[in-house]
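>>> Sequence plus predicted model, see below.
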Amino acid sequence: MHIKIKIWLLVLLITPLATAAVHNVPADYSTIQAAVNACSSFDTVIVAPGTYKGSGNRDINLNGKTIFLQSTNPADPITVGTTIIDCEGYGRGFVFQMAENGGSTVAGFTITNGYGLMGGAVYCSNNSSPLITNCVFINNSAYLGGAIACANTNTSPKITNCTIKANSAFIGGGAIYCNGASPNIANSLIIENSAQKGAAVYSDNAGKPVIENCTITQNTAASSAGGIYCYQSSNLTANNTIIWANTAPSAAEIQVANSGLATIVQLSYCDVRNPAENIICAPGCSVIWGTGNIDIDPNFVAPGPPQNDYHLLKNSPCVNAGDPAFIPASGEIDIDGNPRIAGTKVDIGADEVMLAIAIDIEITPKTLNLQSSGNWVNCFIILDDGYAPTDVNIPSIRLNDNIAPAWSNIDQEEQKVLVKFDRSEVQQMLLDTREISATLIVTGRLNDGTDFQGEDTIRLVTKGKN
């Protein structure tokens, strides 16, 4: 009898996976909602690149089903950027209000031009806790929660690896609004959003949001709290997060307020700009300043327009400055899809600075006469087996951090990259050396963002003498 019971339990557990179906949009269904309606729990909906508008492609409701709804490749920024849900100013992208669980997943979409009273692009309520990952939210608006709004005590969506940019709220939460809810926001970039209060995140009514490994910057509040606004017995926790260069007339980074109820913000291993001036905490409220916090310019690559590049430079104080006890979840990645820990510790912020991998290079000629004439100094780049020559970002290559290649070629057969540096530039760089040899260092970047470095030594002569 016991053996039979175990067998039946096993069948019940594997049956949903064995019968799961894949529904394609627009190949099988003309709208995303039609594909969702045709799903049973554990089915997958795959949406091809394109712009989806109109009825059936906004206010998409999973109806309580455990469904994986995705673009064709959520890990590819180009696919995400070209798989667009355009709400055209009417309604939201998604509504979760039937207790969808963590298995209900939305992955790899750009959601734009959404509008709602709460949540311009996504609204979660009624104990719904979906996973929203690898999405871009841009130019959505609402009264509360320009991009995302979460309501009710048991509502706790997980928002990971998302870019939430240029959304607006008339009242609060230009990016995210929490009303009693407890979202987990991780590995995400929250930038250039606006609201009256809490231009990035607004939490009230005993909300308990957790923000981990995020970058919150360049958000603007018309009244107060350019970054985070916590109110009315909320308890917000931020770890390994950059809160920097947000603006407001009052409390540019964080405001903690109340209406007779204690409100708490807890910060650990965060980089917060000038807390003494930019954090305001009302009487009866608390900012718990945990360990590992810093107040140093994070050194973004090129913050603000026109580049809006919020990656960290290699000399950033946020590199290897996160919680030493942090252990990434299995397969956890940063905003770019790189491993969440690249160095000795996790970096603070959404971006993980990738350490340079060592490569083999061969430079010719092996003897360089600094007074001779000639066209080129050649460099062959040989990658490890895990990479192909086409993975190399040619414009990123530099010789001794200074000289860019004048010519390049990819040899697929030999699995090498050949670049040529202008010989006169190299000779001019080395002309003042008094050594009989020089170590030449070639650096660059792969298309996945990984840096590489290799070196070779050549012999130097001048006018035929060492």
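Perfect, thanks for sending it.

>>> And the most centrally placed residue in the chain, how far from residue 169?
With distances taken as C-alpha atoms, centre = their mean, residue 335 lies nearest the centre of the chain, 2.1 Å away. Per C-beta to C-beta, to the nearest Å, residue 335 is found 23 Å from residue 169. C-betas here are computed from N, CA, C, even on glycine.

>>> picking up where we left off before, does the closest residue to the residue nearest to the centre of the chain other than its chain neighbours sit in a helix, a strand or a coil?
Using C-beta to C-beta, 6 or more residues apart in numbering and skipping the chain neighbours, the partner closest in space to residue 335 is residue 350 (4.1 Å). Look at residue 350: counting by DSSP: H, G, I helix; E, B strand; the rest coil, its state is coil.

>>> hang on, residue 296 in a helix?
No - per three-state DSSP, residue 296 lies outside any helix segment and is coil.

>>> Pretty sure it sits against residue 271.
Yes - taking contacts as C-beta atoms under 8 Å, residue 296 lies within contact range of residue 271: 6.5 Å.

>>> Between these two, which contacts overlap?
When contacts are counted by C-beta atoms under 8 Å, 6 or more residues apart in numbering, residue 296 and residue 271 have residue 317 as shared neighbours.

>>> Neighbour count for the two, which is higher?
residue 271 (25 against 13; other C-beta atoms under 10 Å).

>>> Got phi/psi on the more buried one?
Backbone dihedrals for residue 271, given as degrees, to the nearest 10, come out at phi -110, psi 110.

>>> For the residue nearest to residue 63 when sequence neighbours are not counted, give me the pLDDT.
Once flanking residues are discounted, residue 63 sits nearest to residue 98: 5.9 Å by C-beta to C-beta, 6+ apart. Turning to residue 98, the model gives it a pLDDT of 94.

>>> could you pull out the helices for the stretch 101-250 of the chain?
For the stretch 101-250 of the chain, helices defined by DSSP state H, counting those that start in this stretch do not occur.

>>> hang on, the earlier thing: state whether the residue nearest to residue 63 and residue 62 are indeed in contact, as I suppose.
Yes - applying C-beta under 8 Å, one finds residue 98 in contact with residue 62, separated by 7.3 Å.

>>> Looking at the two, which is more packed in?
Shown here are residue 98 and residue 62; by other C-beta under 10 Å, residue 62 has more neighbours (25 against 15).

>>> Next, the contact list for that one, please.
Applying C-beta under 8 Å, 6+ apart, one finds that residue 62 lies in contact with 36, 69, 94, 96, 98, 100, 104, 130.

>>> Just the buried residues from these, in ChimeraX please.
In ChimeraX syntax, the buried subset of the contacts of residue 62 is picked out as below (16 or more other C-beta atoms under 10 Å):
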select :36,69,94,96,100,104,130
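
>>> Closest to residue 438 out of the contacts of residue 62?
residue 69 (56.6 Å; C-beta to C-beta).

>>> Spatially nearest residue to that closest one (excluding sequence neighbours)?
Nearest non-adjacent residue to residue 69 (C-beta to C-beta, 6+ apart): residue 45, at 4.6 Å.

>>> which residues does that neighbour contact?
With contacts defined as C-beta under 8 Å, 6+ apart, residue 45 is in contact with 22-25, 32, 35-36, 39, 67-70.

>>> Check which element follows the one helix or strand it maps to along the chain.
For residue 45, the element it lies in under DSSP states H and E is strand 44-47. Later in the chain than strand 44-47, the nearest helix or strand by DSSP H and E is strand 50-52.

>>> Just give the strands next to that next one in its sheet, each with its orientation.
strand 83-86 (parallel) (DSSP bridges).

>>> after the strand it pairs with, next one along is what?
Heading C-terminal from strand 83-86 (DSSP H and E), you reach strand 94-96.

>>> What are the contacting residues of that following strand?
Against strand 94-96 from outside (C-beta under 8 Å, 6+ apart): 59-62, 104, 106, 111, 121-125, 128, 130, 132, 157.

>>> hang on, the earlier thing: with respect to residue 153, which of the contacts of residue 62 is nearest?
residue 96 (15.2 Å).

>>> show me where pLDDT drops low in the stretch 251-400 of the chain?
Scanning the stretch 251-400 of the chain for pLDDT under 70 picks out 385.

>>> Could you identify the most distant pair in the contacts of residue 62?
69 and 98 (14.5 Å).

>>> So residue 36, which state does it fall into?
helix.

>>> same deal with residue 425?
Going by three-state DSSP: residue 425 is helix.

>>> residues contacting the spatially closest residue to it that is not a sequence neighbour?
Sequence neighbours aside, residue 403 is the residue nearest to residue 425 in space, at 5.1 Å (criterion: C-beta to C-beta, 6+ apart). Listed by C-beta under 8 Å, 6+ apart, the contact partners of residue 403 are 421-422, 425-426, 429.

>>> List only buried entries from those residues.
Buried among the contacts of residue 403 (16+ other C-beta under 10 Å): 421-422, 426, 429.

>>> List the ones among these that fall in strands.
The strands, defined by DSSP state E, take in 421-422 from the buried ones among the contacts of residue 403.

>>> Would you mind putting the buried ones among the contacts of residue 403 into CSV with distance to residue 244 and pLDDT alongside?
As requested, the buried ones among the contacts of residue 403 are arranged in CSV below (distance: C-beta to C-beta, whole Å; pLDDT from 0 to 100):
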residue, distance to residue 244, pLDDT
421, 38, 95
422, 40, 93
426, 40, 92
429, 37, 90
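
>>> what would the buried ones among the contacts of residue 403 look like in JSON lines with distance to residue 394?
Formatted as JSON lines, the buried ones among the contacts of residue 403 follow (distance: C-beta to C-beta, whole Å):
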{"residue": "421", "distance to residue 394": "13"}
{"residue": "422", "distance to residue 394": "15"}
{"residue": "426", "distance to residue 394": "18"}
{"residue": "429", "distance to residue 394": "20"}
